[in-house]
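**Student:** Dropping the sequence and predicted coords here.
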Amino acid sequence: MKIQNIFLPGAALGAAALLLVPAEESIAFTTIGGSLPTTQRDVRVFDNFADGQSNNNLTPVDQFPGYFGVDMAVWKAGVEWGSLPHGDGGGDPTQTNLGDGGANFDTTWQGDAIGIGGTNDNIVSAQSSCGGTGTLAFTETPISNGWRIRFCDEWTWQDGPGTIPGGNNFDIQEVQTHEYGHALGLGHSSNNSATMRPATGAGNISGRSIHSDDIAGVQFIYGAASASKPVINSISGLGYITILGSNFGSSNEIWFTQAGDGGNGVPVKVTGVVSGAGGTFLGVSVPATAGPGDVLVKNTPSGTGGATLSNAFPFDPSGVAPELYCSGKVNSNFCVPFLSFNGFPSVSDSGAFRIQANDVMQDEFGILIYGLNGRSNLNFHNAKLCVKTPFTRVLPPKNSGSSGTMGSGFCLGELRRNFNATIQSGNDPLLTTGQQVNAQWFYRDPGVDSFNDGLSDGIEFFINP
Ligand SMILES: [Zn+2]
């Protein structure tokens, strides 16, 4: 086992900067020998970090579903070395793109471990002290059968995601991006802009984004991403998912992140999946043991090297939840109608997807409108039109009645419609899998103003298979 160095704090960087600014850009990366096979691409965290700041990022990010704090920071650090943008590449406010490696190298996020593991178990954790030597973190690198990364808890570790303060504060994501560079086989770089430079400063986050020198390094070890490497472009669906991309094999493994804590780092796999449409389409039922994380595709007939494994694509088996937005119109009983929903939108599911407005006027007729061009916030009839035109009216109108259970005062009207019936009727051929829909209830409210109408807020959702 080699202790593969240490990311040193502060002062060392200033000194190095004076000595090592090259006259022109040159290759500066180094390697330590060895590489990670596709069986060792898992990344896990044992979250024993002591600082509250290491786990106070609780903002959900759809490109990193289901994880927060140190977990999300470590996950981001791994995907930055990946071959392609992670999903849409978004999710970190300080970076334009996550997933810059362009090599035959991708990671599979495997969630939380329940211990620090051995030196080849591919787990990131903290240790209370590294002996006061100025070390921030270190990587133990048996290399071809794995690694272990420890963060030194003498320092205050920050989980981001934005900028972080100076003082004694260091950025988990930046330092993990560096340490993981060691795990995949890189040594230190003499390029002072590289993530693999030997030192960083308090409050610094620039190393979250790998530099062209780091990219040259990962491509040197693993090769630039092969033209035959499988590529995932999109994933849609819930219980049964559709994966669109290219270079899928005649037989494939689909890798998922294990649900819950305490997995062994091995992805949940569905094997023997046959591709369609010339290797551009895969359909697979999501195993019950799969959780939020990544999906990767391994083209099994074509070998075991890094070029047989796809990019990592974010996936949440609970799906993209419908989202409410915009605002309703105050009605003549001074209530503001509001939407809720139940079920999920689907072209095939026999259950209902109900879009419901409460706090509407009693015993009035209403119509659900929907559009396929996104959101609007247009001033309209003394309120907001939440659906971008053109929109479609779902007929016949519904009566709001007076038995709404969620309304207040004299606003006991309730309008609801099962939108799956609209999807599955076939009346609108554009209501297909993956289609984004924006909808809003529109109803009569005589006397409220010269328009005599009322509006709910809006809902946005995607249609599942
Ligand atoms: Zn280092």
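**Tutor:** All right, it came through fine. Residues are numbered from 1 along each chain as shown.
**Student:** can you give me the end-to-end distance of stretch 219-239?
**Tutor:** Stretch 219-239 has an end-to-end distance of 36 Å (Cα to Cα, to the nearest Å).
**Student:** what is the mean pLDDT for that stretch?
**Tutor:** Mean pLDDT, computed over stretch 219-239, is 93.
**Student:** so how many other residues sit close to S129?
**Tutor:** Around S129 there are 11 other residues, counting by other Cβ atoms under 10 Å. From N, CA and C alone the C-beta is placed, and that goes for glycine too.
**Student:** List the residues that contact P314.
**Tutor:** By Cβ atoms under 8 Å, 6 or more residues apart in numbering, the contact set of P314 is D62, Q63, F64, P65, H86, G87, G293, D294, V295.
**Student:** After the strand or helix carrying it, which helix or strand is next?
**Tutor:** P314 is part of strand 313-315 when elements are defined by DSSP states H and E. Sequence order places strand 323-325 as the next helix or strand after strand 313-315, per DSSP H and E.
**Student:** My guess is G115 contacts F46. True?
**Tutor:** Yes. G115 lies in contact with F46 (Cβ atoms under 8 Å); the separation is 5.8 Å.
**Student:** just to revisit the earlier point, dump the contacts of P314 to a markdown table, plus pLDDT and secondary structure.
**Tutor:** Output for the contacts of P314, formatted as a markdown table (pLDDT from 0 to 100; DSSP: H, G, I helix; E, B strand; the rest coil):
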| residue | pLDDT | secondary structure |
| --- | --- | --- |
| D62 | 86 | coil |
| Q63 | 94 | coil |
| F64 | 96 | coil |
| P65 | 92 | coil |
| H86 | 97 | coil |
| G87 | 95 | coil |
| G293 | 96 | strand |
| D294 | 97 | strand |
| V295 | 98 | strand |
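**Student:** Just give me the closest of those residues to A28.
**Tutor:** H86 (26.0 Å; Cβ to Cβ).
**Student:** Please verify my assumption that that closest one contacts V79.
**Tutor:** Yes. Between H86 and V79 there is a contact at 4.2 Å, judged by Cβ under 8 Å.
**Student:** Which one's more surrounded, these two?
**Tutor:** V79 (32 against 28).
**Student:** element containing the more buried one?
**Tutor:** helix 69-80.
**Student:** where are the low-confidence patches of the chain?
**Tutor:** 1-26, 319-321, 405-409 (pLDDT under 70).
**Student:** in it, which spans are helices?
**Tutor:** Using DSSP state H, the helices found in the chain span residues 11-20, 69-80, 172-183, 212-222, 419-424.
**Student:** Adding distance to G102, write these out as CSV.
**Tutor:** Putting the helices of the chain into CSV (distance: least, Cβ to Cβ, whole Å) gives the following:
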stretch, distance to G102
helix 11-20, 25
helix 69-80, 12
helix 172-183, 15
helix 212-222, 6
helix 419-424, 39
